[in-house]
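J.: coords please:
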Amino acid sequence: MSFGSFEATNRVLQTTTVIIAVVATVVVSSTTGPLLHAQSPSTWVAPKVSLPDESVGVDGIVRTLISAFDHADVVALGEAHGRFRQEGDLRVALVRDPNFAKKVRSIVVEFASTTKQATLDHYIRGENVSPAELAQVWKTTTQAANGNDIWEYPIYPEFFAAVRDVNRKLPADQQIRVLGGDPGQGSNVCGEATAISVIEEQVLKKHGKALVIFGAAHFYRTMDKNYLASTGGDSDIVTTLEIDDPGRTFVVIPIGRLERPRPVAADMVPDYQKFDRTLKTQVRPVLVSLQRLPFREFTVEEFLGRTVITCRGPNGCVSAFKGSTLTLGQMADALIYFGGSGDAVGRR
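T.: Alright, predicted model coming up:
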């Protein structure tokens, strides 16, 4: 898969009409390739995580995410690659909470290459690593090789620095390890297969627990044929993990205002008032269960349609979820709503 900024998207469009990278996920392959089987909502087992009606603000969301580890081995925290201002703050607050390290010893991230795991280990343990050496952790990912600069956002090195700082206060046998989930440049293995292997070998087989941070689309529990056609055959992380460990992964995705991708001429404009009218709190962000009405019935086309686009058909670039009947409740276990106003939009 290919992820990146609108600027990267424009560069790609100059050379091809079949590969587009936008915000939280990838988009189209030039060949159909082997496709995944869409997972029916009746075939996955939701983890037995009890959620408040509304987990309010960064602190409230942190408490809920940490409590989720009491019932799940993996918390899959989807991101929009820095497009929401408080995404980075939330992740830093999560790892800095003293209760996090008591339950979780592994974090698997998309923004680090497996080829530079030794460098990342040295840095996270508090050893001397120069800024230039550390930058190779994300500069050697497949995303960097594709010309995407999303990992240059300061929220990513700030996250590594926060984990390093937390480890300074912990005994060596209780420290948190951050694991790269990207195969690195030149690899023939897809990114999602690499992440699955790391999670299974380094965490689940050792009876551990992990926070996994990737673009949200890597975690969707259910996919329709249009989305599958856009993936080029990559294996979805969560649905694959659930084959051997059903009910052990808790999936959280971000929702909030995103601009229409530049290659798309028109799409469904999300009505965020549907969230704002229903939520009791005015504080953003807020986490809610996707078993809760009316959120579970909101359509994927409306609220996720701007995260995945395809340019394969005769109508030019459109949302891969155009015309989809999927609902948010079929995609994840919970969502973090960052708001529908311009204030929710992140920065570089």
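J.: Surely Ile213 is within a strand?
T.: Yes - counting by DSSP: H, G, I helix; E, B strand; the rest coil, Ile213 is located in a strand.
J.: Pull up the gap between it and Phe303, please.
T.: As judged by Cβ to Cβ, to the nearest Å, Ile213 and Phe303 stand 21 Å apart. In this view, the C-beta of every residue, glycine as well, is placed from N, C-alpha and C.
J.: what do you get for Leu211?
T.: For Leu211, the distance to Phe303 - Cβ to Cβ - is 24 Å.
J.: now the helices for this protein?
T.: In the chain, the helices defined using DSSP state H lie at 6-13, 57-68, 87-96, 98-103, 117-124, 131-139, 142-145, 155-168, 191-202, 225-231, 237-244, 273-278, 300-303.
J.: lowest-confidence stretch among those helices?
T.: Across these, helix 6-13 has the smallest mean pLDDT, namely a mean of 33.
J.: could you measure Asp165 against Asn146, distance?
T.: 31 Å.
J.: Pick out whichever of the two has more residues nearby.
T.: Counted by other Cβ atoms under 10 Å, Asp165 and Asn146 do not tie: Asn146 has more neighbours, with 18 against 13.
J.: ranges for the strands of the stretch 201-348 of the chain?
T.: Remark: strands assigned in the stretch 201-348 of the chain by DSSP state E, counting those that start in this stretch are 210-215, 249-255, 286-289, 309-310, 318-319, 334-337.
J.: who wins for proximity to Tyr156 among the ones you listed?
T.: strand 210-215 (9.7 Å; Cβ to Cβ).
J.: thinking again about what came up before, give me the more crowded residue out of Ile213 and Phe303.
T.: Using other Cβ under 10 Å, the more surrounded residue of Ile213 and Phe303 is Phe303, with 27 against 24.
J.: what about Gln117, how many neighbours?
T.: By the measure other Cβ under 10 Å, the count of residues near Gln117 is 18.
J.: Over to Asp276?
T.: 14.
J.: do the same with Gly313
T.: For Gly313, the count of nearby residues is 12 (other Cβ under 10 Å).
J.: Check Ser130 too.
T.: Ser130: 10 neighbours (other Cβ under 10 Å).
J.: Look up phi and psi at it.
T.: When read as degrees, to the nearest 10, the backbone of Ser130 gives phi -70, psi 160.
J.: measure it to Tyr123 for me?
T.: Separation of Ser130 from Tyr123 (Cβ to Cβ) stands at 10 Å.
J.: Which of the helices of the chain sits closest to Phe338?
T.: The nearest among those, by Cβ to Cβ, is helix 87-96 at 7.7 Å.
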